[in-house]
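Enquirer: Using only what follows, build the 3D model:
(one chain, ligands or ions: 1)
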Amino acid sequence: MTMIDTDRMTEGAEVAAELRKKRGGGIPWMVILDGAGRAKITSDGPKGNCGCPAEPHEIDHFMSMLDATRRHMSDADRKIIERELRTYGKKLISSFKPGGGMKAYRDAAGKVRVGQFEAAVALMGQALEEGYGPEKIPTDPALRPLREDAERRLELFALAKKHVRTHRATLVDNHEEGRRIRLEGRVVDQKTGAPLSGAVMQLFHTDASGEYRPGMDAGGGAGNPRLWAFLRTDDAGRFTVDTIMPERYPNSSVPRHVHYKVWIKERPEMASECFFDSDPNLDERTRASAPKNNFPIVKLERTDELRMIGTLTVRVPND
Ligand SMILES: [Fe+2]
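Expert: Below you'll find the model as predicted:
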């Protein structure tokens with residue numbers, strides 16, 4: 001096997017032009033020659049040059065190149081090559097193609113529209129497997145009826161938790177009532193303060209009426225909230241969350257708070273919550289015990305045109 005670099009090799013372009021009669025089609029381009037230097041088959045397939053094969057039809061053509069010329073390659077070896085290419089191709093396509101899983105996602109939204117929630121969740125799972133990011137699930141208006149179905153919501157949590165990949169999360173759509181806030185945060189080791197990258201975090205809180213979902217406040221609502229999102233911390237353990245200021249429970253003096261859970265490999269699940277420094281319900285006793293309870297108090301200090309911004313440091317114990 002010889003690789004010809006048409007830019008860097010002496011007379012590379014001339015040799016390539018001799019072999020490749022058709023213009024265009026991109027690189028890499030491949031030709032398999034017989035002993036006399038005659039072309040037996042090239043990477044130009046029915047849909048053009050298969051290049052570095054990733055799409056199924058490209059892999060089909062590459063395999064047909066092997067089949068047309070192999071002499072010493074066993075069926076078992078051929079099978080391994082095909083299997084590896086198909087696995088690699090699927091991964092590559094879903095990671096680079098922004099449209100990966102888009103059709104299944106749209107189909108899921110269609111099922112939501114006609115009230116077929118079970119089918120919608122199944123299609124959503126397929127979309128995420130195919131590479132569609134779960135970031136939009138908590139805010140996409142098309143999914144609202146599904147999100148508001150308390151039973152199905154837990155299935156959405158599981159899907160989002162499994163597939164989440166960005167460190168930015170938004171819990172509310174534009175129609176949600178409430179004062180906009182942004183939490184710029186970091187997840188760190190409780191003891192050393194070292195940033196923890198790749199941590200999966202779920203945040204959830206009450207809405208502007210102090211409820212987790214209609215009619216549910218402090219009791220069962222927190223386990224199945226209407227406003228939620230998942231994120232995955234970046235290389236420096238950072239995250240950014242856009243949401244609204246949670247309201248306190250109706251007829252309660254419990255301060256406003258945002259719940260969160262954190263999952264990190266080889267550590268137990270961690271659950272905690274943060275309060276807000278400006279909250280008149282945050283009494284001295286709660287303030288004093290906050291560090292011991294690992295409840296951060298967020299100061300919303302800065303603001304841009306859209307919202308108040310505060311810093312949240314999440315400290316995760318190692319045991
Ligand atoms: Fe709560």
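
Enquirer: could you point out which element follows the longest helix seen in the chain?
Expert: Across the chain, the longest stretch assigned as helix under DSSP state H is helix 75-96. Downstream of helix 75-96, the next assigned helix or strand under DSSP states H and E is helix 102-113.

Enquirer: tell me what that following helix is packed against?
Expert: Of the remaining helices and strands, those touching helix 102-113 by 3 or more CB pairs under 8 Å, 6 or more residues apart in numbering; DSSP states H and E are helix 117-129. Every residue, glycine included, has its C-beta placed from N, CA and C.

Enquirer: quick one: the helix it packs on to chain centroid distance?
Expert: In terms of CA atoms, centre = their mean, to the nearest Å, the centre of helix 117-129 is found 15 Å from the chain centre.

Enquirer: Show me what residue 189 is bridged to.
Expert: Bridge pairing for residue 189 (DSSP bridges) gives the partners residue 316.

Enquirer: and it, what does it touch?
Expert: Neighbour list for residue 189: 196, 315, 316, 318 [criterion: CB atoms under 8 Å, 6 or more residues apart in numbering].

Enquirer: and the last one, how far is that from residue 278?
Expert: The span separating residue 318 from residue 278 equals 32 Å under the rule CB to CB, to the nearest Å.

Enquirer: Of those two, which one has the most company?
Expert: residue 278 (15 against 11; other CB atoms under 10 Å).

Enquirer: Need the three-state assignment for the more buried one.
Expert: coil (DSSP: H, G, I helix; E, B strand; the rest coil).

Enquirer: Give the burial count for the residue nearest to it when sequence neighbours are not counted, as a bare number.
Expert: When the adjacent residues along the chain are set aside, residue 278 lies closest to residue 300, with 6.3 Å between them (CB to CB, 6 or more residues apart in numbering). Neighbourhood size, residue 300 [other CB under 10 Å]: 18.

Enquirer: just checking, residue 300 touches residue 181?
Expert: Yes - at 6.1 Å, residue 300 counts as touching residue 181 under the criterion of CB atoms under 8 Å.

Enquirer: Mutual contacts of those two, please.
Expert: 308, 309, 310.

Enquirer: can you pull the contacts of the nearest residue to the first one once chain neighbours are set aside?
Expert: Read it as residue 308. Nearest non-adjacent residue to residue 308, counting by CB to CB, 6+ apart: residue 300, 3.9 Å away. Applying CB under 8 Å, 6+ apart to residue 300 gives the contacts 181, 276, 277, 278, 308, 309, 310.

Enquirer: which residues does residue 300 bridge with?
Expert: As for beta bridges, residue 300 partners with residue 310 under DSSP bridges.

Enquirer: picking that back up, now a PyMOL select for only the buried ones of the contacts of residue 189.
Expert: To isolate in PyMOL the members of the contacts of residue 189 that are buried, counting by 16 or more other CB atoms under 10 Å, one can use:
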select buried, resi 196+315+316
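
Enquirer: Residue 224: which of the contacts of residue 189 is nearest?
Expert: Minimum distance to residue 224 across those is 23.8 Å, recorded for residue 316 (CB to CB).

Enquirer: I figured that closest one hits residue 195, correct?
Expert: No - counting by CB under 8 Å, residue 316 does not reach residue 195; the two are 10.6 Å apart.

Enquirer: residues shared between the contacts of these two?
Expert: The contact sets of residue 316 and residue 195 overlap at 187, 188 (CB under 8 Å, 6+ apart).

Enquirer: quick revisit: could you measure from the residue nearest to residue 308 over to residue 16?
Expert: 62 Å.

Enquirer: Having no further points to raise, I will conclude here.
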